[in-house]
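Visitor: Sharing a model prediction with you, sequence too.
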Amino acid sequence: MKETEGPGNLFATLLPQAGASLLAIFLAMTVGGVLIAIAGVNPYEAYSAMLQGAFGSQFAIANFLTRTTPLIFTGLAVAFAFRCNLLNIGAEGQLYMGGLAAVLVGVYVTGLSALFHIALAIAAASLAGAAWGGLAGLLKTTRGINEIISTIMLNFIAIFFVSFLIQGPIAEPPGFFHQTALIEETARLPKLMPRSDLSVAIFLAVFLAVALSFVLWRTPFGMKLRSVGLAPETARFSGISTNKYLFGAMAISGGAAGLAGGSEILGHQYRMLDFFSPGYGFDGIAVAFLGRSDPIGVVFAAMLFAALRVGANQMQRETGLPSSLVLVIQGLVVLFILAAELRRWLRERAVSKGKEA
Amino acid sequence: MIEMEKITKVFPGGVVANREVDFKIASGQVHALLGENGSGKTTLMNILYGMHRATSGTISRSSQTLTIGSPSDAISHGIGMVHQHFMLVPTLTVAENVVLGTSAGPNRLCPFLNLREAEERIASLSREYRLDVDPRAEVWQLPVGAQQRVEIVKALYRDADVLILDEPTAVLTPQEANDLIDVLSNLASRGKSIVFISHKLNEVISLADEITVLRNGDMIGMVRKKDTDAKDLARMMVGRSIEPPELPNRSPGEPMLTVKSLCVEDDRKLEAVKDVSFTLRAGEILGVAGVDGNGQKELVEAIAGVRRAVSGSVETKHQGVSNREYARRIGHVTEDRLKTSVVLDFSLWENFGIKTCDTSPHASWLGMNIGSLKAATEAAISEFRIKSRGPDEKISSLSGGNQQKLVLARELGLKPDILLAAQPTRGLDVGAAEYVHQRLIEERQNGMAILLVSTELEEILAISDRVIVLYEGKIMGALAARKATREVLGLMMAGERLEEMERSPGERN
């Protein structure tokens, strides 16, 4: 057999992965630049407007971080489930259920100290999300229903269930608007910067990323969960109850997505509006993908996507380019990563074929 | 006639499968391509058959250079190949399978099949080469040996005069293998050239006229059968001489595993194990012989607790514990290593710890003790001489033999009193297999009860105390390995009961 060279340390394995993501971003920005030039705008000016929009002032940065927070949560949700080989398309629905639980606790539970009220609301948000995600897990483990299908459908149920509640049962009296009442002051997360939307939720998001990273890589639970994702039969032959882990992964994933909804409500929206998420749950799929399903990678990927979104408005104001151009750039990033993945897959296949022979 | 010169094949990723290999095939000859697993035999033939392209080197026929970019090029040059796994559609008839992919009509443009004509041609080929193939039989009804002959007919129908067979006897009973050997020598005597790939010395010697030996992608040499013997060939193949393992005397201890009237279904819900009973004792190796797919897999999985038994019982000291604990107490080297023993994307230490990562000393309330897992893996690597860069290397970059050693190290590291070893040396080279045998014998000396499932009779005969033979899920008989012969076991593998053979020895011969 051939001896392979080089050290097998963490960097050697992580760096090429991050490298592929960075390359994809660079290529996407380059192609995006060409598109901008075709639209008759200097790409340099467009991109610097975008940077200005995201990082140009304290408020821009606060805005950027506020936007990053839900993307970290939903990105973590998709990434964690994916480690167990589950494709959770339902982060959006789980986010709605989390938001609903947070607003219910925030509005209808009164007389608590801020600390307890916040803790209770956050716990409720994550549990509601976990229940919604766990439901898809249960459908998979007991009835063999593909989680992609069930989570997509559970999205609709959650979103329109919440919409129904907002338009009637829990609408703010007297009920003119499709929105709930404002949550109690005691349920609101502390602000990090006055007069901005930025709250401590960003810390919660980063903390969750570190915690999930620890769980995945440094606990027996995480190792068994990953083995179920990568080689379910080997896991089963090792006495691991695969159903338990499939369910657990979906529930934890849903919990993270629920926190995205909770943190939006408790952090700065303070009430629930109809369709209050602009698709954070779906963006989470791309975020998890760009972050290579690594919790820490997800944090950086969420930052990129948030910066693109926040910067897009400034770019539109200054250059007249449609802000939806950043959606094109987002799509290109995903496409280039897919291309890199495909290449890696083809190469690995060729190598394993070579081994067989 | 066909000449491959200085063939080098480098796979993307840098694996060198062939290094400047020369290979000549003369007509009317049976040429064996001998080498251990991973020595590059199949790659070399896949290049000749157009499945792979050589990185460098030339292929020529009567000093005319051939370019073979695909199997259809190869076929048009008269080269046919019978793969290890047959490429047949089970629900079609023999004739339909044979014409599949050819223009079976009167000419290329005619869209209609002329099956009758094909059937006639197949029947005449079958007569000419004594293949005994019925063109109208449906393939799924045919035994494996007959399916293989259908593959041969397929190649002959396409006017192949060079026939490549990849490990043709791997799926056959010893008797079927003998029939195949007759068929191949008959083909050769009628001017066809046969190349067959093998790592089994005995069949190479009984069949081949010329033998080319590969090792690690290098061509070691080409010899004529009359100038060589098994010892020489083994030395060429492995690079050193191999001593057969010796089973020291030991009287077995108390029963460790009792299987009573066990019935198990396979994945298709068909009864795969039928009323099987046996006892395995401490310090004993019980060999389970049989052609692949006769219930061995289901039997072992039922004992390992990963497949539910329909009826009957499995009794050990460990009944009643959780699945996880049971998997820790019974060592199991599984049959399908890649699918059920390892996680390819995991590092060595993760694979090593997959059963023990949640028990002391490898786990505490703080999480996994990665340090202790890595240290244990490191110890296993040096004890089992696993070729690797260390515990952090991914197991997928190890050779099959080294992966298997890690699995064996993991399972023996559990200190089980029962070890289920299903095909423990399948896909291993001779050196690694020798080591595995040695370890199994050692553990037997220390009192482990070992169930050894193997389709290789040599392996079973060499290291078992007793042998049982499975045929269609039933035990055909049990006998002491000392008293067993290849012939008797071969007949049992083909479905003869031992008692019947003993009752009527006169009628047999």
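Guide: Thanks, I have the structure now.
Visitor: Assign a three-state SS to the closest residue to chain B within the stretch 201-350 of chain A, would you?
Guide: The stretch 201-350 of chain A approaches chain B most closely through A:Gly239 (2.9 Å), counting by CB to the nearest CB. C-betas here are computed from N, CA, C, even on glycine. Following DSSP: H, G, I helix; E, B strand; the rest coil, the label given to A:Gly239 is coil.
Visitor: Can you name the residues that contact it?
Guide: Remark: with contacts taken as CB atoms under 8 Å, 6 or more residues apart in numbering or on different chains, A:Gly239 is in contact with B:Gly305, B:Ser322, B:Asn323, B:Arg324, B:Glu325, B:Tyr326, B:Ala327, B:Arg328, B:Lys355.
Visitor: Which helix or which strand is home to B:Met4?
Guide: Taking DSSP states H and E as the criterion, the element that holds B:Met4 is strand B:2-10.
Visitor: tell me how far whatever helix or strand comes next after that strand is from the chain's mean position?
Guide: Towards the C-terminus, the helix or strand next in line after strand B:2-10, according to DSSP H and E, is strand B:16-25. With CA atoms, centre = their mean, to the nearest Å as the basis, strand B:16-25 stands 23 Å off its chain's centre.
Visitor: quick one on the thing from earlier: so what's the residue of the stretch 201-350 of chain A closest to chain B scoring on pLDDT?
Guide: On the pLDDT scale, A:Gly239 is placed at 94.
Visitor: B:Asn114 versus that one, what's the distance?
Guide: Relative to B:Asn114, A:Gly239 is positioned 58 Å away (criterion: CB to CB, to the nearest Å).
Visitor: same thing with A:Met223?
Guide: Computed with CB to CB, the distance linking A:Met223 and B:Asn114 is 61 Å.
Visitor: When these two are compared, which one has more neighbours?
Guide: Between A:Met223 and B:Asn114, A:Met223 has the larger neighbour count (other CB atoms under 10 Å in any protein chain shown), namely 26 against 14.
Visitor: Grab the nearest non-local neighbour of that one.
Guide: The spatially closest residue to A:Met223, leaving aside those adjacent along the chain, is B:Cys357, at 5.3 Å (CB to CB, 6 or more residues apart in numbering or on different chains).
Visitor: is it true that that neighbour touches B:Met368?
Guide: Yes. In this structure, B:Cys357 is within contact of B:Met368 by CB atoms under 8 Å, at 5.6 Å.
Visitor: what touches both of the two?
Guide: Shared contacts of B:Cys357 and B:Met368, defined by CB under 8 Å, 6+ apart, are found at A:Pro220, A:Met223.
Visitor: what about the two, which has more around it?
Guide: Between B:Cys357 and B:Met368, counted using other CB under 10 Å, B:Cys357 has the larger neighbour count: 24 against 21.
Visitor: Where does that one sit, in terms of helix or strand?
Guide: Counting by DSSP H and E, no helix or strand carries B:Cys357.
Visitor: For it, list the residues it contacts.
Guide: Contacts for B:Cys357 were tallied using CB under 8 Å, 6+ apart; they are A:Pro220, A:Met223, A:Lys224, B:Glu350, B:Ala363, B:Met368, B:Leu373.
Visitor: The second one and B:Glu350 touch, don't they?
Guide: Spelled out, that is A:Met223. Yes. Applying CB under 8 Å as the test, A:Met223 and B:Glu350 come out as touching, 6.3 Å apart.
Visitor: low-scoring stretches of the stretch 251-400 of chain B, by residue?
Guide: Confidence mapping of the stretch 251-400 of chain B against pLDDT under 70 gives zero matching residues.
Visitor: can you check chain A too?
Guide: Residues of chain A that meet the criterion pLDDT under 70 lie in A:1-17, A:347-357.
Visitor: Okay, helices next: where are they in it?
Guide: If you assign secondary structure with DSSP state H, the helices in chain A sit at A:10-38, A:43-55, A:58-83, A:91-108, A:114-143, A:147-167, A:201-218, A:220-230, A:232-237, A:242-264, A:280-290, A:295-319, A:325-356.
Visitor: So B:Tyr157 versus chain A, what's the distance?
Guide: Here B:Tyr157 is placed at a distance of 27 Å from chain A (CB to the nearest CB, to the nearest Å).
Visitor: what about the residue in the stretch 151-300 of chain B positioned nearest to chain A, neighbour count?
Guide: Residue nearest to chain A within the stretch 151-300 of chain B (CB to the nearest CB): B:Asn216, separated by 7.8 Å. Each residue near B:Asn216 was counted by other CB under 10 Å, and the total is 18.
Visitor: Setting aside sequence neighbours, what's the nearest residue to it?
Guide: Once flanking residues are discounted, B:Asn216 sits nearest to B:Ser39: 6.1 Å by CB to CB, 6+ apart.
Visitor: swap in B:Val204?
Guide: Counting by CB to CB, 6+ apart, B:Val204 lies nearest to B:Ala32, which is 4.4 Å off, once chain neighbours are set aside.
Visitor: Phi and psi next, for the one you found.
Guide: phi -100, psi 140 (degrees, to the nearest 10).
Visitor: surely it meets B:Ser206?
Guide: No. Assessed by CB under 8 Å, B:Ala32 is found out of contact with B:Ser206, at 10.1 Å.
Visitor: if I pick B:Thr340, what's in contact with it?
Guide: With the criterion set at CB under 8 Å, 6+ apart, B:Thr340 makes contact with A:Glu233, A:Thr234, A:Arg236, A:Phe237, B:Thr334.
Visitor: Need the max-distance pair from those.
Guide: Considering CB to CB, no two members of the contacts of B:Thr340 lie farther apart than A:Arg236 and B:Thr334, which are separated by 10.7 Å.
Visitor: Those two - which one has more neighbours?
Guide: For A:Arg236 and B:Thr334, the more surrounded residue by other CB under 10 Å is B:Thr334, and the numbers stand at 25 against 18.
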